[in-house]
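Enquirer: coords below, sequence missing:
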């Protein structure tokens with residue numbers, strides 16, 4: 001089990017405000033899984049337009065949050081294999097996406113991602129986002145690592 005604070009997350013992910021969607025990693029098992037947290041506040045810039053009188057976190061950002069959690073798992077696993085942690089992980093595919101409930105200001109997203117397999121520079125993950133134990137989104141994610 002491993003934890004990462006925001007400074008360690010900065011070390012692994014290239015995203016920054018307003019696009020960094022991980023606040024903390026609360027559990028990490030190299031080559032297996034990661035659990036991360038995103039605290040959703042009314043101060044998120046996307047709530048200005050999505051939607052002004054009914055703020056809802058865009059579904060595409062739920063997928064991005066799962067992808068960022070996947071990125072941390074891939075980078076930590078690559079590092080464990082003795083590979084350099086540089087490079088960028090790009091989306092190659094998103095499958096079986098389901099949105100179950102809206103995410104609103106005040107929610108705490110728990111992002112659970114499992115590594116399905118990796119070969120060469122291709123990584124496949126399965127992810128779920130939950131609020132208060134209730135599933136709000138799930139997806140299968142594929143990424144490809146490219147040198148930056």
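Expert: Yep, that arrived. In this text the structure is predicted, and so the values were computed from the model without any measurement.
Enquirer: which residues touch the closest residue in space to residue 15 that isn't next to it in sequence?
Expert: Closest residue to residue 15 in three dimensions, ignoring its sequence neighbours and counting by Cβ to Cβ, 6 or more residues apart in numbering: residue 68, at 6.3 Å. Where you see a C-beta, it was placed from the backbone N, CA and C, and this is true even at glycine. With contact set as Cβ atoms under 8 Å, 6 or more residues apart in numbering, residue 68 has these partners: 13, 15, 20-22, 36.
Enquirer: Am I right that residue 68 is in a helix?
Expert: Yes - using DSSP: H, G, I helix; E, B strand; the rest coil, the assignment for residue 68 is a helix.
Enquirer: I'd like the distance between it and residue 20.
Expert: According to Cβ to Cβ, to the nearest Å, residue 68 stands 7 Å off from residue 20.
Enquirer: overlap in contacts of these two?
Expert: Common neighbours of residue 68 and residue 20 are listed as residue 13 (criterion: Cβ under 8 Å, 6+ apart).
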